[in-house]
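Colleague: next input, structure requested:
(2 chains)
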Amino acid sequence: MPRIVMNLVERILARASGRSSVSPDDVVFAKVDRAMVHDVSGPGVIKVFEKIAGQGIPTDKLWDPDRVWVAEDHFVPSAEKISAENIARLSEFTSRYGIKNHFRYGMGQYGICHTISHEEAMVMPGDVYVGGDSHTNTTGALGAFACGLGHTDMAYVLLNGQIWFKVPETMYFRLNGRLPGHVMAKDFILRIIGDIGTDGGAYRTMQFGGTGIEEMSVEGRLTLCNMTTEAGAKNGIVRPDQKTAAYLEERMNDAGGGTTAKVSLSRGGADYSEPDGAESDYAAVYEYEASELEPVVAEPFSPENTRPVSEAPSVELDKSYIGSCTGAKYEDLEAAARILKGKKVRIRTEVLPAAISIYRRAMESGLLRIFLDAGATVGPPTCGACCGAHMGVLGKDEVCISTTNRNFPGRMGHVESRTYLASPMVAAASAVTGRITDPREIVPAASWGGGGT
Amino acid sequence: MSDNGAVTGGVIKYARDNIDTDVIIPGQYLKIHDYAELATHAMEGLDGDFHSKAKNASFIVAGRNFGCGSSREHAPIALAHSGIKAVAALSFARIFYRNAVDGAFLLPIEIGEDAYEGTSEGDVITIDVKAGQMRNETTGRRYEIKPFSEIIGKIIEAGGLFRYGMQQQQQQKQKQQQPGS
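Modeller: Numbers count the residues shown, from 1 in each chain, chains lettered A, B, ... in the order given. I've put the predicted structure just below:
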């Protein structure tokens, strides 16, 4: 029986598929509002285009080039010849099909696709947004249905503007109260993955709500939704609110007040800021008290191998990596800088802001100086070593603490390297000591304000 | 493949859960879009002998959440171009599953604990989707496989998402040409 009040993801998919209502397990063809490919999925899509053109399927024009955008992130700056050639193919693709939104490295704003999605306000609340990357889930934090797809599916979207989905059930994660100052959204999502496992959210929506989420910054919410991927979820989502609108408007309008674009939280009669219906409409409800959460790490070789930093094993680290769509947004860098200010790193430490806009703000506000004074290296935006691509990959037996999202065997380099996933604060504190360290050990707890990033 | 769609071949078994895309095809190879070359790196993160084993095998049998991790279509591509016709696992991660189906690279077959436990490396099995069965020819035992959902079955039958889409369009055209129907 259709619900009286649909859950958020159902409201979005009903609107996008032209139905008055949908229920979990319904299969719908949803119209897509925004689509993204990058320097790995873009060439993959081009390959699919070549294949289907050979089968007589027309590939001469896209459904709507203005709704498609392109990022360069995995192998940039070009790691070697083949990645340079992939970038050239991307450029040829965007010019042939008239895609204007192509964020090119070395030409102003560029960065990791998921970071660009929010920094450039590419996705709006209530959108159906698909991307050729699994962490497309990130952008659900803006109140969109944001979901990762493969190359064939993305090729289908680019040509047809729609794609099939099975309407997911919703798991609801309620956070009561404000996170303590030394606990970050990253700690919360690692804790959740530890609790439910890497397939705990499989095929479902993971929705976050409660007072702790209302209080949390948009960037904190982005971190939560980003790692719903590691729980196997179809998507992560947060109900959009005035904070969401203000965050996007700040990025759509220039600081001088020359433009005054407004972000709407409703569309076609559906108000996405409205609460869901009955609690019983969720497939599961999980409840967390913010005051009881603490910094955690995920040990090799799975994001579900979590344990509190206070119980972490005493391992000697070789490197601290502060980068990626998960852990190098502006507030992530700000949090790491709070720990590193006036300190020296004891292990190799790399900081890679996730987009040029973040790099610039970090430069202007003095964060980059703090990192450099501490002895860290600051690199350009790139997925880089997070996916073992280039720029700081790990060798055999190397041990890394990282603000990234996965620590499967070989994820960041050699199959016998080891990665501990952690928050930017824990990664920064560990950089100072060379072992897994609670941020309060470096900066006394008395100086912490409220958390929530 | 025989006339009724059943496939018979050898098994490579990985008796573990959460075989992720980083081991199926490590990230450093994502820049490669030549399918044959990708195949030479398949399963490199877990099994250096996979490529030679796959010469005499058509199936991978594995545990829960096969293909978790990234959206890289390189994963089913690398397996399919190594000669793998189907992965039979206790469960699949969603993007791997739809990539395998929508791109028509290989069949993701959901099996039960009995089939998983009852199949060993080197066994010869037959997967017969129409009969809803997996037969272990080595042991003589038969197991039920989980039927595909309606949409998945239709996409597989059509030969991938694009062919399915073409069929749908043709059916709509035919409907429009038959007023009153």
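
Colleague: make it CA atoms for all contacts and neighbour counts henceforth
Modeller: Noted.

Colleague: so what's the backbone phi/psi at A:G220?
Modeller: When read as degrees, to the nearest 10, the backbone of A:G220 gives phi -60, psi -40.

Colleague: does stretch A:9-17 reach chain B?
Modeller: No. Between stretch A:9-17 and chain B, judged by Cα under 8 Å from any Cα of the partner chain, nothing touches; the nearest distance is 15.8 Å.

Colleague: what sits up against that stretch?
Modeller: A:20-24, A:28-32, A:126-128, A:144-145, A:167-168, A:170, A:205, A:237, A:268, A:270, A:272 (Cα atoms under 8 Å, 6 or more residues apart in numbering or on different chains).

Colleague: ditto for stretch A:174-185
Modeller: The contact list for stretch A:174-185, computed with Cα under 8 Å, 6+ apart, reads A:208-213, A:215-216, A:220-221, A:223-224, A:285-291, A:293-295, A:423, A:425, A:439-440, A:445, A:448-453.

Colleague: filter the residues you listed to the buried ones?
Modeller: By neighbour count, with 16 or more other Cα atoms under 10 Å in any protein chain shown, these hold A:208-210, A:212-213, A:215-216, A:220-221, A:223-224, A:288, A:290, A:293-295, A:423, A:425, A:439-440, A:451-453 as buried.

Colleague: A:G106 in helix, strand or coil?
Modeller: Under DSSP: H, G, I helix; E, B strand; the rest coil, A:G106 falls in the coil class.

Colleague: just the buried ones from the contacts of stretch A:9-17, in ChimeraX syntax?
Modeller: Of those, the buried ones go into a single ChimeraX selection, burial set by 16+ other Cα under 10 Å:
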select /A:21,22,23,24,28,29,30,31,32,126,127,128,144,145,167,168,170,205,237,272
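
Colleague: now narrow the contacts of stretch A:174-185 to whatever sits close to chain B.
Modeller: Residues of these in contact with chain B (Cα under 8 Å from any Cα): none.

Colleague: tell me which entries of the residues you listed lie within helices.
Modeller: A:211-213, A:215, A:220-221, A:223-224, A:425, A:439-440 (DSSP state H).

Colleague: closest one of these to A:S320?
Modeller: Checking the ones in helices among the contacts of stretch A:174-185 against A:S320 by Cα to Cα gives A:M425 as the nearest, at 11.0 Å.

Colleague: what's the helix or strand for the residue found closest to A:T377 once you drop the neighbours it is linked to in the chain?
Modeller: Nearest non-adjacent residue to A:T377, counting by Cα to Cα, 6 or more residues apart in numbering or on different chains: A:E350, 4.9 Å away. Under the criterion of DSSP states H and E, A:E350 resides in strand A:348-351.

Colleague: check which helices and strands that strand sits against.
Modeller: Under the contact criterion of 3 or more Cα pairs under 8 Å, 6 or more residues apart in numbering or on different chains; DSSP states H and E, strand A:348-351 touches strand A:319-322, strand A:377-378.

Colleague: immediately after that strand, which helix or strand?
Modeller: Counting by DSSP H and E, the element after strand A:348-351 in chain order, helix or strand, is helix A:356-364.

Colleague: show me which residues of chain B sit near chain A.
Modeller: Neighbours of chain A within chain B, by Cα under 8 Å from any Cα: B:18, B:20, B:22-23, B:26-28, B:30-33, B:45, B:65, B:68-73, B:93-95, B:99, B:102-103, B:151, B:161-162.

Colleague: and residue 104, what does it touch?
Modeller: I'll assume chain A. Residues in contact with A:R104, defined by Cα under 8 Å, 6+ apart, are A:71-72, A:110.

Colleague: my bad, chain B
Modeller: By Cα under 8 Å, 6+ apart, the contact set of B:A104 is B:156, B:159-161.

Colleague: can you find the helix or strand in chain A with the smallest mean pLDDT?
Modeller: Here the helix or strand of chain A ranked lowest by mean pLDDT, DSSP states H and E is strand A:270-271, holding a mean of 90.

Colleague: which residues are contacting that strand?
Modeller: Contacts for strand A:270-271 (Cα under 8 Å, 6+ apart): A:11, A:15, A:265.

Colleague: between the contacts of B:A104, which sits nearest A:Y105?
Modeller: Distance to A:Y105, by Cα to Cα, is smallest for B:L161 among the contacts of B:A104, at 33.2 Å.

Colleague: which residue sits closest to that closest one, ignoring its sequence neighbours?
Modeller: Distances taken as Cα to Cα, 6+ apart place B:D102 nearest to B:L161, at 4.6 Å, with adjacent residues excluded.

Colleague: any weak-confidence spans in chain B?
Modeller: Along chain B, segments meeting pLDDT under 70 span B:1-4, B:179-181.

Colleague: break it into its domains for me.
Modeller: Under the assignment automatic domain parsing, the domains of chain B span B:7-147, B:148-181.

Colleague: end to end, how far does the first one reach?
Modeller: Translated: domain B:7-147. In domain B:7-147, first residue to last residue: 16 Å (Cα to Cα, to the nearest Å).

Colleague: chain center to it: distance?
Modeller: On the basis of Cα atoms, centre = their mean, to the nearest Å, domain B:7-147 sits 6 Å off its chain's mean C-alpha point.

Colleague: any chance of the contacts of strand A:270-271 in a markdown table, plus distance to B:N56 and pLDDT?
Modeller: Converted to a markdown table, those look like this (distance: Cα to Cα, whole Å; pLDDT from 0 to 100):
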| residue | distance to B:N56 | pLDDT |
| --- | --- | --- |
| A:R11 | 49 | 96 |
| A:R15 | 49 | 96 |
| A:L265 | 56 | 96 |
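
Colleague: so which of those residues comes closest to chain B?
Modeller: Chain B has its nearest neighbour among those in A:R15, at 20.6 Å by Cα to the nearest Cα.

Colleague: so what's the residue count around the residue of the stretch 351-453 of chain A found nearest chain B?
Modeller: Nearest residue of the stretch 351-453 of chain A to chain B: A:A389, at 4.7 Å (Cα to the nearest Cα). Using other Cα atoms under 10 Å in any protein chain shown, A:A389 has 24 neighbouring residues.

Colleague: and the residue nearest to it when sequence neighbours are not counted, how far from A:G220?
Modeller: Among residues not flanking A:A389 along the chain, B:Q28 sits closest, at 4.7 Å (Cα to Cα, 6+ apart). Distance, B:Q28 to A:G220, using Cα to Cα: 29 Å.

Colleague: now do A:D373
Modeller: 27 Å.

Colleague: with A:S291 instead?
Modeller: 16 Å.

Colleague: by neighbour count, which of the contacts of B:A104 wins?
Modeller: Going by other Cα under 10 Å, B:L161 tops those with 25 neighbours.

Colleague: these two touch, right, it and B:G103?
Modeller: Yes. Counting by Cα atoms under 8 Å, B:L161 touches B:G103, with 6.6 Å between them.

Colleague: what's the overlap in contacts for the two?
Modeller: A:152-153.

Colleague: can you give me the strands in chain B?
Modeller: Taking DSSP state E, the strands of chain B run over residues B:7-14, B:59-62, B:86-89, B:107-110, B:124-128, B:133-136, B:141-144.

Colleague: what parts of the stretch 101-250 of chain A come near chain B?
Modeller: Within the stretch 101-250 of chain A, the positions adjacent to chain B are A:132-135, A:148-153, A:156, A:198-199, A:202-203, A:229-230, A:232, A:234 by Cα under 8 Å from any Cα.
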